[in-house]
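Undergrad: what's the 3D shape of this:
(one chain, ligands or ions: 2)
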Amino acid sequence: MDKVKVFSPATIANVSCGFDTLGVALDDLGDEMTLTKRTDNQLVITSIQGADLPTDPDRNVVSWVIGKILKDINTGTGVDIEIKKGFKPGSGLGSSAASGAGAAFAVNELLGRPLKTNQLIAYAREGERLVSGAPIADNVSAALLGGFILVRSYEPLEVISLPVPDNLAVAVIHPQIEIQTAAARDILPDQISMSSAITQWANLGGLVSALYEGDLPLFGRSLRDVVVEPHRKKLIPGFDQLKEVVMDHHALGFGISGSGPSLFAFCEGMSKARELTQLMQQEYVHTGIEAKVYASVISKLGCRLID
Ligand SMILES: Nc1ncnc2c1ncn2[C@@H]1O[C@H](COP(=O)(O)OP(=O)(O)OP(=O)(O)O)[C@@H](O)[C@H]1O
Ligand SMILES: N[C@@H](CCO)C(=O)O
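TA: Numbers count the residues shown, from 1 in each chain. Ligands and ions are numbered 1, 2, ... in the order given. Model (predicted):
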């Protein structure tokens, strides 16, 4: 194959109770990228649409990840790269992860699939290390595998796919401010109390059980975060008010997507998700900050070939 075009989805990391361990893929929203083999061994970003990103191959996640794979596999292959970003960097929806996962997936397809899934995750994590300093696996694993994922262990890496309950949908609001993942990690404490740990791991267990049982009320009760949200919500204007309104309108749960500023409300069914997006957009006007909204089912598909 000389050319591949792939789609790589946006993702919600943490899902409230699973900081750095849970992730889930959205439908439709995501990045596209096209890779074409060159006759020399150069890596060239030929176009970037939809975001103002570095064209220097050593500073863009897509070329960074592809470069690492090509160097290790040592094919002598060069690649032209076209990038089409479907949503903004610094959104909390895994923009760098969509790029890193999509890049690893695409080059693996181009080379005839020499790499296994865990290797693709490992390379995609290098993209996360490039932009945030931390090789976080939650967004990239969800983007590659689709559905819900649990990073059971980082060392050695063990990522588990979890079931997606029927009729689960999500409403997302993306306030048009940028929060860098590195900055949102810097404000977190190094240590947490035993009581917070107990609450958090009880909810994580509850959430995993809810996914296996398809128990949406239990899923909703488990969407609690006493570890990260109390710190990060201070970076997101209007967080508490929006949470109150959304929960009053029967969302299953509400929280911060990844490192923010995007916020999610899980709910039952797409019509409820559309209703919640409208509600969130109306309510957010009070902050004076522009916001975009998306309603989505949970995509069981991760990165995939298109066209
Ligand atoms: N291909 C790329 N896609 C997205 N961001 C990139 C890319 N290449 C480099 N970057 C840089 O990465 C930074 C954004 O990464 P960051 O992890 O902060 O955002 P994010 O991926 O949207 O966040 P989150 O992981 O919380 O969803 C920006 O400074 C951006 O310029
Ligand atoms: N788990 C990560 C996701 C952001 O990439 C965080 O919340 O910092």
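
Undergrad: in the stretch 51-200 of the chain, which spans are strands?
TA: Applying DSSP state E, counting those that start in this stretch to the stretch 51-200 of the chain gives strands spanning 78-84, 148-154, 157-162, 168-175.

Undergrad: Select the longest helix from this protein.
TA: helix 194-213 (DSSP state H).

Undergrad: Can you give me the end-to-end span of stretch 53-72?
TA: 25 Å (CA to CA, to the nearest Å).

Undergrad: on that earlier part again, output the longest helix of the chain as PDB, nothing but the C-alphas.
TA: Only the C-alpha atoms of helix 194-213 are listed here, as PDB (Å, rounded to 0.1, in the frame of the first residue of the first chain):
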ATOM      1  CA  MET A 194      -7.000   7.500  52.500                       C
ATOM      2  CA  SER A 195     -10.700   8.500  52.600                       C
ATOM      3  CA  SER A 196     -10.500  10.000  49.100                       C
ATOM      4  CA  ALA A 197      -8.700   6.900  47.800                       C
ATOM      5  CA  ILE A 198     -11.400   4.700  49.300                       C
ATOM      6  CA  THR A 199     -14.200   6.700  47.700                       C
ATOM      7  CA  GLN A 200     -12.400   6.800  44.300                       C
ATOM      8  CA  TRP A 201     -11.600   3.100  44.000                       C
ATOM      9  CA  ALA A 202     -15.100   2.200  45.200                       C
ATOM     10  CA  ASN A 203     -16.500   4.300  42.300                       C
ATOM     11  CA  LEU A 204     -14.100   2.900  39.800                       C
ATOM     12  CA  GLY A 205     -15.100  -0.600  40.800                       C
ATOM     13  CA  GLY A 206     -18.800   0.400  40.600                       C
ATOM     14  CA  LEU A 207     -18.300   1.900  37.100                       C
ATOM     15  CA  VAL A 208     -16.600  -1.200  35.700                       C
ATOM     16  CA  SER A 209     -19.300  -3.400  37.200                       C
ATOM     17  CA  ALA A 210     -22.000  -1.100  35.700                       C
ATOM     18  CA  LEU A 211     -20.500  -1.400  32.200                       C
ATOM     19  CA  TYR A 212     -20.500  -5.200  32.400                       C
ATOM     20  CA  GLU A 213     -24.000  -5.300  33.800                       C
END
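
Undergrad: Any buried residues in the following helix or strand past that helix, and which?
TA: Remark: after helix 194-213, the chain's next helix or strand is helix 216-222, criterion DSSP states H and E. Of all the residues in helix 216-222, those buried under the rule 16 or more other CB atoms under 10 Å are 216, 219, 220, 222. In short, each C-beta sits where N, CA and C put it, glycine included.
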